[in-house]
Structure formats: C-alpha cells, structure tokens
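1. would you be able to build a 3D model of this:
(chains A and B)
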There are 2 protein chains.
Amino acid sequence: MAFSERTTRLKSSLIREILAAAQRPGMMSFAGGLPAEAMLPAVNWADMPVGMGQYGTSEGEPELREALAHEARALGIPCQASQVLVLSGSQQALDLSAKLYIDKGTQVLLEAPTYLAALQAFQFFGADCLAVRMEQDGPNLQALRTLLEQHQPAFIYLIPTFQNPSGLRYSEAKRDAVAALLDEFGVTLIEDEPYRELSFDGGLATPIVGRLNTASWIYTGTVSKTLLPGLRVGYLIASPDLFPHLLRLKQSADLHTSRVGQWQVMQWLGTEKLQHHLDELRSYYRVRRDAFQAALHTHFADLADWRMPEGGLFFWLKLKQPLDTRTLLEPALAANVAFMPGEPFFPEPDLHHGHLRLNFSHVGPEQLDEGLKRLAAVVRQAQALQAA
Amino acid sequence: MAFSERTTRLKSSLIREILAAAQRPGMMSFAGGLPAEAMLPAVNWADMPVGMGQYGTSEGEPELREALAHEARALGIPCQASQVLVLSGSQQALDLSAKLYIDKGTQVLLEAPTYLAALQAFQFFGADCLAVRMEQDGPNLQALRTLLEQHQPAFIYLIPTFQNPSGLRYSEAKRDAVAALLDEFGVTLIEDEPYRELSFDGGLATPIVGRLNTASWIYTGTVSKTLLPGLRVGYLIASPDLFPHLLRLKQSADLHTSRVGQWQVMQWLGTEKLQHHLDELRSYYRVRRDAFQAALHTHFADLADWRMPEGGLFFWLKLKQPLDTRTLLEPALAANVAFMPGEPFFPEPDLHHGHLRLNFSHVGPEQLDEGLKRLAAVVRQAQALQAA
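-> Okay, the predicted model is just below:
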C-alpha cells in the first residue's frame, strides 16, 4: 500500500476521540464548540423552489453572493459579489488555501495558540508553521516584524476577533499595524472570522483585510455560529488576484455548495429576523459566560489564570502549575467531564503545556458547578501526583 | 506571489467556460450532464427535526450509512455501515482519493477516455495518468496486464457502468477478469458509479469491488443523478484498511456533509416512492435517448460513428474524419449550440482528436432536430476547411 507522502502527516485525531467521548450519555462536555441546542432557530422550507434541487454554479447563488458582499462592504472590506465564493463551511477555506499555497516545507505564519483544525490542515499539506507571539491585544509587533524579515511565508493566518481558543480580540491599533506590516512585506493575509457576531460586551473592530492597501487577502466566515451549522454554508471573499484560483479549487473539491443550504441562508441574511435571533443568541450566551466565570472563580481561582472572553464560545485557562493537560483527559472522561487540552493548539505542543480550552455554551447551569468541580479535582490530583 | 507547485497544474477550465456559455438564453446545450428540470422530484421538508441544524459527525448520519450499506450489500459489496462515508457529492471522493494517494509523479491507471473532472483532480495533485485501452465490453485485458506488470500504480480508477463520456458498460467476464488482475497485482480499485440506476434496456452487472478478494477498494456513488444534485450528497464505501484515512481527510476538508441534504436523502432511500421516481426517470430518459438516436441518424450518419448508450446521459461520437473538436466550439456557440469536445477526456488530448460528447437529456424534442442540424453543419464546414 503506497499512500502519498502527505498521508504520513495525517494525524490520528485526538479531537475526534474527545468529541466522540463527549457524546456519551451523562458526559458533561466543555470540549466542543457546538451552538446551544435550545438556540437553533426553527426554519421554514415551504417556499423553496424545486429548481434549487438542480446543479448550481461553483461560485454560489448570485443573490447570496450579493448579500455577503453587501455585508462585507459594511465592515469596510472593499469587494464585489464577484469576489465571493460560497463554501461548504468555512473549514473548506482552509483546505482550498492549503492547496493553493502549501508544498512540503512551505513556511506559513500563524498565531500561537491557533485554531487547531487550521494547524492540522496546513501541516497535512506539509507547511512549516511559524508562530507569532501573542499579547492581549494582538501579536507582538516586533516579533512579527522579525519573522517577516527573516522568512518569506506564503501567508499569515489570523483570527483577530474572539479567537478560538484564546478568546483574544485585536485592538484597532494592532489591526492597523498588522495591515501595514503585511503591505510592507507583501504577505498574503488569511483572516478567519467565525465568531464576529458573538460579541457580548459591545467590543468590535473592523476586519484587517479592509485595512490592506496592496497585500493579497482571503477573508472567511460562516453561518455555523449564527444560524445553523448543519447547513454547512460558509464563504470566502478574496482579492481579485486570488479569486480565479480559489474558484477552480472549489470546483475540483465538490463542484458547488448545497443549494438547499444556500437558499435557507438567503432567507435570513439582511433580515430583521436574523438581527432578532442574534440579539437573543448574544443574551443567552452572555448569561452562560457570566455563570461560567462565576463557577470558574469558585473552582479554579487557585489553579489557573484566565481572562473573561468578550465574545466567542471559549474560556482559555492557563494552569498556575503547568503540566501536560493531555494527561488529564483519561481521568476527566472517567469522571464524565470532557474538555479540550491546550497543547494541540500550538505548532509545538510540547513547548506549551498547561492550557485548557473550556466551552461555556453547551453545559447547562444545572450541571455547570458539578462539572467544573470534578475537572478541578482531576487537575488537583494530577498536580499532587506530579509533586510527589 | 508564491503559490504551491501543484497550482501550476490548475487548469483554466474549458468546461467551465462551455457550461457558462450553455446558460445563455437561446442556447441549445448538449454540453452538460444535468438531469432534466422537469424530472426533479418535489420534496417535503416539513417533518425535518430542528436538530438537523446542529453540527453532525464527519462519517455522516447513522441511519443514512446503514441504508447505503444495505443497498451496497444487495449489489454484492461486502460491507458494514462503518465503512460508509457520506460525502458532499461524489466529486469529493476524487479529491479525498487524490490527497490520500497522489504525490508529484505518482502513477495511476485510468480508462481512456475517462471522466474529465477525475482526470483534472488527479493531474492537479501531480499524478502521471496511464491510460488503459478500452474495448466495447471493458478494458483490453492484455493491455491492462502489461501496464500492471510494468508499473506500480497507486490505484486504478474505473467507471464500469454507463461510463462518462463513452457510455460503455463492462461485461460480466471483464469485471471478473479485472478483479482477478487487481488482486494478483495488489492494486487498489476506485470504482465510480453515478449512473448505475439510469439503465434503459435492463442491462446491468454488479460492481467490481464486490468481486475482489484481497485488493483494497473505494466504491463511490451519488444521489445527483437519481434524486437532486442540488443537495450535494454522495458517498463512498471503502475497504476497512482505507476507511480511517478517508474519514480524517473528510473531516479536514469540510467537517461533515450538510445534514439537511442527508436528511432529505434518508426520506427516499429504500422507499417505493424512490422506485417509482426512478421508473419514471428511466422512461423519460429512454424516450429522449431514442429520439436523439433518430435525430443523430438523420444528421450525423455520414459524419460520425457511435453506439447507442444503454444507460447514463451521453452519446459519444467518433468523427469519420478526425479533427480537433475544440476548434468546433467557437462556431458551434456562435450558432447557439453547445457540446463537449472529446479531447479533454483523455490524458493526452492531442493524441485523441475527433470525439464529441453529446448529452441527450437536456434539450427537448422541439429543439433537438434543429440543434443537431446546426452542429452537423459546423462539423461539415470545419472538415471542408480542413480539406481545402
């Protein structure tokens, strides 16, 4: 059996195993990033034309592309509908970008920590992932400049708004500075924004791609965190030099995105109905986040440091006494608690022990306290063993 | 701008341009492979649970996997639901297979002609595509043996039932012989069967993968030709040694397939309603095929040779006086007739001039005669010019 060379980098997925375990009855799961079941909106299909069952174009439905371009322009992204490519979820933007840019050994820049499915997709294609040191308001600019001076990365991949896993949001100043540096060095920006609408305290800033003058860019988003992930509808918007390549890659990957899903998204985009749903969603998640913060304070105040996230779906804890949090998984799952170890979110996991990613949207208030109590006990026991 | 090495092989798509031109008002299109609009079944969404909007598993819906495995076993494919991977259309099987197997220079075997989107996907990843010489009942067995003796291909890609573009269907004897050869040489089979259900004269044969004893295999199918292509639901079934790799590749590509589409397919699979729809579909297409055959006889009898297809959606014409049929496109489109030149269906287009692929399902009877008359005139004019 002769597989491709890249298949040697196809990792057995720890995440897959954790999420599978998290489905077990009785499990209290802080592991996934699932929207709350209770907040999935009821949708209406009765008016969908039969013609939506026919093949469509690789670009996506014209009306949907127009609506997405309209929204992007309102965020300061200079674009036309012709630059919008509808995707089968925004994960597909990572796959297409990897195909477009990455050969074995290709250097790419990313945040550390970063979205682990991006890291895996880029590494699978052979990328040498260089990590930018992060501060509370975005990357350390001197570190970024040095990396840009010393390397010629194919692109930089950033999640500037309520990052998964860290919850970080870049400041206005950092956004401007990053855009200026990428223009200066001519490095393509891939900006990933699944969580923009999940802002709980009013804090926001416009995307970085809209601040670029000359660098190429890909901006990607999804309806999975705002409407229904099961539709699998995401999108990318690209600078005109990149768009034709991405379109061909999309066609080769799956011809086009489900028109049924696209049609449903068109019924919501730009409507008051969606604004009302988002308001409810933000309120619901804000309550859960605040309850989580309080419960964390009760059980983890002496064990970890964290910042309350202004948006997104996760708390990112740093243990005061670092240990490899992957070793906590087995005892946690045995106690019916699932969480996500922090190590796989870094290109060099073994240099970054001691973080936990905890989702706050899924576990209800009735189980929250018990779940965090059990998780804290698992951490305490492991640290006692380590100290012994 | 530094793209990946493979991007140099990302072809500007002639097909994309033809299909775009085919959408123009007034165009009579024999180019695409679209189901007839009139035969798209009306579907009901009222009973879909809200929970289908939540994230799902990369494998696909359990009930759908069970139903697909059940159908496959009825075709003689020994498999369990655990070997079924639901895909975002069967095109995705080609992308995942390419990722799994193909590095630059990897040799793969395929039919000549073959499905051109498969050829493009494999070549994009760097495959060296070796073509097996075809006869009316399947590959020339001596040629296949010689290729297997002289090369170590990563896999062989076959479309044994109503092949696109040629319409060929392998005989029972050829299916057995191909399976025995692949077992003997230990070469993985990728068997693509989008057209199995579109059989007009009762001719069928069970898949080749079910005849293998030791070789690894991937079998892929879709509901795009039987139900609704706009749902983008296909599937693959793989031998157990390959499945875990393909599952991880699926997860990395787009997390999972639209659950909305999967749910709709579940409402049809295994039902009398679907059998009734397929009966109607076959009758409808049979009438169109027979009308096409008659019209071809009127306009192309002196220009080309062909066999009436027993299934699928295409006639495959061989011009008696070969010329590069790509040169016919411009005058044909100018006469408001679209067709697919045969050259791109071969790994070495310039060695295979003189074929046309004509879809018979799309153009209605009122335009058929005029369309083929105009196309024949274009061929005649080009041949006159060539002779001059």
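
2. thought A:Val209 was touching A:Leu189?
-> Yes. Between A:Val209 and A:Leu189 there is a contact at 6.0 Å, judged by C-beta atoms under 8 Å. Any C-beta I mention is one placed from the backbone N, CA and C, and that applies to glycine too.

3. any idea how far A:Asn140 is from chain B?
-> According to C-beta to the nearest C-beta, to the nearest Å, A:Asn140 stands 25 Å off from chain B.

4. just the pLDDT for that residue.
-> Listed pLDDT for A:Asn140 reads 97.

5. put the alpha carbons of the strand or helix carrying A:Leu372 into CSV.
-> Assigned by DSSP states H and E, A:Leu372 falls within helix A:365-387. The C-alpha trace of helix A:365-387 is given here as CSV (Å, rounded to 0.1, in the frame of the first residue of the first chain):
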residue,chain,number,x,y,z
PRO,A,365,-26.5,25.8,34.6
GLU,A,366,-27.7,22.8,36.5
GLN,A,367,-24.6,20.8,35.7
LEU,A,368,-22.0,23.6,35.4
ASP,A,369,-20.9,23.7,39.0
GLU,A,370,-20.6,19.9,39.3
GLY,A,371,-18.7,19.7,36.0
LEU,A,372,-16.1,22.3,36.9
LYS,A,373,-15.7,20.9,40.4
ARG,A,374,-14.9,17.5,39.0
LEU,A,375,-12.5,18.9,36.5
ALA,A,376,-10.7,20.9,39.2
ALA,A,377,-10.4,17.7,41.3
VAL,A,378,-8.8,16.0,38.3
VAL,A,379,-6.3,18.8,38.0
ARG,A,380,-5.5,18.9,41.7
GLN,A,381,-4.9,15.1,41.8
ALA,A,382,-2.6,15.3,38.8
GLN,A,383,-0.6,18.1,40.3
ALA,A,384,-0.4,16.2,43.6
LEU,A,385,1.0,13.2,41.7
GLN,A,386,3.4,15.4,39.9
ALA,A,387,4.6,17.0,43.1
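
6. what residues does that helix touch?
-> Here helix A:365-387 makes contact (C-beta atoms under 8 Å, 6 or more residues apart in numbering or on different chains) with A:28, A:30, A:288, A:291-292, A:295-296, A:298-300, A:303-304, A:319, A:321, A:323, A:327-328, A:331-332, A:335-337, A:339, A:356, A:363.

7. so which of those belong to helices?
-> Among these, the members falling in helices (DSSP state H) are A:288, A:291-292, A:295-296, A:298-300, A:331-332.

8. just the buried residues out of those, in ChimeraX syntax.
-> Applying 16 or more other C-beta atoms under 10 Å in any protein chain shown to the ones in helices among the contacts of helix A:365-387 leaves a buried subset, and the ChimeraX line that selects it is:
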select /A:288,291,292,295,296,299,300,331,332
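
9. in TSV: the ones in helices among the contacts of helix A:365-387, plus pLDDT and distance to A:Asp95.
-> Below are the ones in helices among the contacts of helix A:365-387 laid out as TSV (pLDDT from 0 to 100; distance: C-beta to C-beta, whole Å):
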residue	pLDDT	distance to A:Asp95
A:Arg288	96	31
A:Ala291	97	36
A:Phe292	98	32
A:Ala295	98	37
A:Leu296	98	35
A:Thr298	98	41
A:His299	98	39
A:Phe300	98	36
A:Pro331	96	35
A:Ala332	97	31
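
10. out of the ones in helices among the contacts of helix A:365-387, who's nearest chain B?
-> Ranked by distance to chain B (C-beta to the nearest C-beta), the ones in helices among the contacts of helix A:365-387 are led by A:Arg288 at 16.7 Å.

11. got the contact list for that closest one?
-> A:36, A:360-361, A:365.

12. swap in A:Gly203?
-> Here A:Gly203 is in contact with A:169, A:310-311 (criterion: C-beta under 8 Å, 6+ apart).

13. and these, which is closest to chain B?
-> A:Gly311 (19.5 Å).

14. for A:Leu228, see how far away the closest one is.
-> Distance of A:Gly311 to A:Leu228, given as C-beta to C-beta, to the nearest Å: 20 Å.

15. what segments of the stretch 51-200 of chain A are strands?
-> Shown for the stretch 51-200 of chain A, the strands assigned by DSSP state E, counting those that start in this stretch span residues A:84-87, A:107-111, A:128-132, A:134-135, A:138-139, A:155-158, A:188-192.

16. save the ones in helices among the contacts of helix A:365-387 as a markdown table, and put in distance to B:Ala74 too.
-> Formatted as a markdown table, the ones in helices among the contacts of helix A:365-387 follow (distance: C-beta to C-beta, whole Å):
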| residue | distance to B:Ala74 |
| --- | --- |
| A:Arg288 | 48 |
| A:Ala291 | 52 |
| A:Phe292 | 50 |
| A:Ala295 | 53 |
| A:Leu296 | 54 |
| A:Thr298 | 58 |
| A:His299 | 55 |
| A:Phe300 | 55 |
| A:Pro331 | 46 |
| A:Ala332 | 44 |
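
17. closest to A:Lys104 among the ones in helices among the contacts of helix A:365-387?
-> Distance to A:Lys104 across the ones in helices among the contacts of helix A:365-387 (C-beta to C-beta) is lowest for A:Ala332, with 36.2 Å.

18. surely A:Ala154 is in contact with A:Lys99?
-> No. Counting by C-beta under 8 Å, A:Ala154 stays clear of A:Lys99, with 11.7 Å between them.

19. need the residues touching each of those two.
-> Jointly contacting A:Ala154 and A:Lys99 under the rule C-beta under 8 Å, 6+ apart are B:Ser4.

20. packing partners for the helix or strand bottoming out on mean pLDDT in chain A?
-> Ranked by mean pLDDT, DSSP states H and E, the weakest helix or strand in chain A is helix A:14-22, scoring a mean of 78. Counting contacts by 3 or more C-beta pairs under 8 Å, 6 or more residues apart in numbering or on different chains; DSSP states H and E, helix A:14-22 packs against helix A:329-334, strand A:337-338, strand A:340-341.

21. returning to what we had before: so can I have CSV of the strands of the stretch 51-200 of chain A showing mean neighbour count?
-> Formatted as CSV, the strands of the stretch 51-200 of chain A follow (neighbours: other C-beta atoms under 10 Å in any protein chain shown):
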stretch, mean neighbour count
strand A:84-87, 27
strand A:107-111, 23
strand A:128-132, 19
strand A:134-135, 16
strand A:138-139, 25
strand A:155-158, 26
strand A:188-192, 26
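
22. for A:Asp279, which three-state class applies?
-> helix (DSSP: H, G, I helix; E, B strand; the rest coil).

23. burial measure for the residue of the stretch 151-300 of chain A at minimum distance from chain B, as a count.
-> Here the stretch 151-300 of chain A gets closest to chain B at one residue, A:Leu228, 3.4 Å apart by C-beta to the nearest C-beta. Using other C-beta atoms under 10 Å in any protein chain shown, A:Leu228 has 25 other residues around it.
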